[in-house]
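> Here is the input, now give the coordinates:
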Amino acid sequence: MASWLPETLFEIVGQGPAPSKDYYQLLVTRSQVIFRWWKISLRSEYRSSKPGETKESHEDFLENSHLQVQIALIFGARTLDYVFNLCEGKFDFLERLPDKLLLNIISYLDLEDVTNLSLTSHRFSKLCKSDELWEMIVQSACDNITPDMRALAEEMGWRQMFFTNKLQLQRQIRKRKQKQGSQSSSQL
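Numbers count the residues shown, from 1 in each chain. Predicted coordinates for the structure are as follows:
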């Protein structure tokens, strides 16, 4: 299963905590953890310092507490935990799926499951509330989506449209048509 993984498993760049102006890159490949830094300083003793790099195998990284502390300070404990998991061979394949594929999968879930999934992470919350998902759900629930319905959904949002009852939708479509008719007659 690991052969399905790309060569680069994770990459993040960032600036060191204040007052530092130094830049850092953390790269996790299938076999190594690579940590790079660039010293940015107006002090004359640091002006000529060259970028640095540390490469460790996954096994060596798991034992290198000094490098782990640096990563936690610069990128945070969650990033360190994630890198630890990668080095231990614990890959989150679901996290690697593209949004479009996840939206397609989510569109087959029951509404209660969509709600529960939205509570699991920021990414799933965003996906479960997206107009793309709710458009797919509305299209699977409705036999025919008229151009008027589509225009109303674009205006009010697909999720809102899904939870609005039929009579309210018909009333809103009628109002929309009347409004467009009065605007077109006033332009003449």
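> Determine the set of other helices and strands touching the longest helix seen in the chain.
Identified as the longest helix of the chain according to DSSP state H is helix 166-187. For helix 166-187, the contact count by 3 or more CB pairs under 8 Å, 6 or more residues apart in numbering; DSSP states H and E identifies helix 147-156 as packing neighbours. Heads up, the C-betas are built off the backbone N, CA and C, glycines and all.
> Follow the chain on from the helix it packs on and name the next helix or strand.
Sequence-wise, the next helix or strand downstream of helix 147-156 (DSSP states H and E) is helix 158-163.
> Output the contacting helices and strands for that following helix.
helix 131-141, helix 147-156.
> Could you look over those and pick the most buried one?
helix 131-141 (a mean of 17; mean count of other CB atoms under 10 Å).
> Next, the angle from it to helix 147-156.
Using axes from the mean of the first three to the mean of the last three CA atoms, to 10 degrees, one finds that helix 131-141 and helix 147-156 are set 150 degrees apart in direction.
> any idea where the helices of the protein begin and end?
Using DSSP H, helices in the chain cover 44-47, 58-63, 65-75, 77-87, 99-106, 111-118, 122-128, 131-141, 147-156, 158-163, 166-187.
> Work out which residue lies at the spatial centre of this structure.
The residue lying closest to the centre of the chain (CA atoms, centre = their mean) is residue 123, at 4.6 Å.
> in the sheet, who's paired with the nearest residue to residue 53 once chain neighbours are set aside?
Of all residues not flanking residue 53 in the chain, residue 36 sits nearest, at 4.8 Å (CB to CB, 6 or more residues apart in numbering). With DSSP bridges applied, the residues forming beta bridges to residue 36 are residue 25, residue 53.
> Residue 36: what's it in contact with?
Counting by CB atoms under 8 Å, 6 or more residues apart in numbering, residue 36 touches 24-25, 27, 51-54.
> how much space between it and residue 122?
Taking CB to CB, to the nearest Å as the measure, residue 36 falls 27 Å from residue 122.
> thinking again about what came up before, kindly state the pLDDT recorded for the residue nearest to residue 53?
On the pLDDT scale, residue 36 is placed at 96.
> Make residue 1 into 104 and carry on from there
Let's use 104 as the start, then, which means that last one is residue 139.
> Skip the chain neighbours and tell me the closest residue to residue 142.
Counting by CB to CB, 6+ apart, the residue nearest residue 142 is residue 152, at 4.5 Å.
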